[in-house]
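> fold the following.
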Amino acid sequence: MAKSITDKQFHRIHLFIGEGRVDEALAALEQIQSANEREKQEVAYLRAWCYAERGSWSEAAQFLSNTGVSEEAVNDIQALGQTERRRRAYYQLLMGDIASNLGHHEEGMRHYRKCISFLDERRMNIPDVRIRALLAIGTISVITGFYDLALTHYEEALRLCGETSEHPNLPDIYYGLCDLYRQKGSFLRALDCGKQALQLYSERSQQSMVGRIRNLLGRISYQMRDFQAAGTYYTEALALAMLGGSSLMILNNLTALADLRREEGELAESWRYCDMALEYSLKLPAGTGHFGGMAYIVCGKVKEAEAQEARGQQSKELLEQAVSYYEQAVQALQATGARVVLGEAYQRLAQTLEASGRQDLAMAHWKSAYSVSSNIEDFSVF
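Below you'll find the model as predicted:
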């Protein structure tokens, strides 16, 4: 699908700011008529970024509360009573969070690195802010497939937490290490880190994060082919997500259960979960293409499995449906920085096109899969 005019405008403005052409970016922002809440947040973020590039932090702060973050978070920074020079690291950290939430992982990384750069200046270090920036860089590095870089930042964050188990970011670091080791195939290490995160989240009654880590432990069990444990983790995580009303985590757990049932050969039950996942994907906020893309991938995998059990025309029709779901996955993921999952989508699309006899189209998507995943250290999504 072609990009909308507004998408092209936003892309141009991102390039302007990245190249230091702030005046041109601000002029271009004046031309955008925001059609929805996400576009309004994007405009506010870009304005804040422009003023941050100029070093006009007070002006930048005026736009941050319109980016989807709480006004309280912005007010807390302004209420620190410190010099503007000292508040810069806080603002860059917050802008990194905003960029990441909008799906701009590369820009999020840029903000977090600037945050750490400011903290490295003489008498500017703030350990808690540094830990949060290191954690965020680790998280983005996992999403984009740079696992060694992620490990370096997670280990540094863990070191700064010290020997105490009371640091507020400690369970999040273990969560990140759990996902990192899962992606690298070090499943025993992943389980160990995940169980430490689960214990810490449980002790702190952080129920939403208890659900998220149970989902992740389910994925590890799935990859270890302990399907009984995986099913237990996913079911418990789904129950917590439903209690908390989190459409995103409901989608993630329905997707995971669909993939699990497919692997167990229960295709009818697997597709029932896919149906529910597709319904919940419509409830997702804008900018969450990563998770919708993962759901489309699993839908494609289920249709492929059904095609293998079918014959003749029915098999061909099911393969066409699989192709359609993989194409939707690619479309959802292209606007994100989730290169690992995007590479998986391209790879599966190419394989399915080959199976349906369309070699020329398959070759183009194989090239896309290679291009996306060539710098990824490992390649494991589900």
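> how about low-confidence regions in the protein?
By pLDDT under 70, the weakly predicted segments of the chain are 1-5, 78-82, 285-288, 337, 375-382.
> just after the helix ranked longest in the chain, pick out the following helix or strand.
The residue-count maximum for a helix in the chain (DSSP state H) belongs to helix 312-334. Sequence-wise, the next helix or strand downstream of helix 312-334 (DSSP states H and E) is helix 339-355.
> list the buried residues of the helix or strand just after that next one.
For helix 339-355, the succeeding helix or strand toward the C-terminus, using DSSP H and E, is helix 359-373. Buried residues in helix 359-373, counted by 16 or more other CB atoms under 10 Å: 362, 365-366, 368-369, 372-373. To be clear about C-beta, it is placed using only N, CA and C from the backbone, and glycine gets the same treatment.
> distance to S141 added to those, as CSV?
Below are the buried residues of helix 359-373 laid out as CSV (distance: CB to CB, whole Å):
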residue, distance to S141
A362, 31
H365, 26
W366, 26
S368, 22
A369, 21
V372, 16
S373, 15
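> rewinding a little: neighbouring contacts of the longest helix of the chain?
Applying CB atoms under 8 Å, 6 or more residues apart in numbering, the contact partners of helix 312-334 are 1, 289-290, 292-294, 296-297, 299-301, 303-304, 306-308, 310, 341-342, 345-346, 348-349, 352-353, 355-356.
> picking that back up, show me which of the buried residues of helix 359-373 is closest to E166.
Each of these was scored against E166 by CB to CB, and S373 proved nearest at 39.5 Å.
> without its sequence neighbours, what residue ends up closest to that closest one?
Spatial nearest neighbour of S373, chain neighbours left out: G343 (3.5 Å); criterion: CB to CB, 6 or more residues apart in numbering.
> measure that neighbour to W366 for me?
11 Å (CB to CB, to the nearest Å).
> quick check: neighbours shared by the two?
With CB under 8 Å, 6+ apart, G343 and W366 have no common neighbours.
> tell me, how many residues neighbour the closest residue to R54 other than its chain neighbours?
Nearest-residue entry for R54: V22, 6.1 Å, with adjacent residues in sequence omitted and distances by CB to CB, 6+ apart. When neighbours are defined as other CB atoms under 10 Å, V22 has 17 of them.
> so A28 is in contact with H14, correct?
No: applying CB atoms under 8 Å, one finds A28 not in contact with H14, separated by 10.2 Å.
> roughly how far does P171 sit from A197?
On the measure of CB to CB, P171 and A197 end up 5 Å apart.
> what's the answer for S65, then?
Counting by CB to CB, the gap from S65 to A197 is 31 Å.
> which residues does Q33 contact?
Q33 neighbours (CB under 8 Å, 6+ apart): T6.
> ok, it to Q9 distance?
10 Å.
> most distant residue from the middle of the protein?
Computed with CA atoms, centre = their mean, the residue of the chain farthest from its C-alpha average is G312, at 39.1 Å.
> could I get the phi/psi values of N66?
N66 adopts backbone torsions of phi -100, psi 10, taken as degrees, to the nearest 10.
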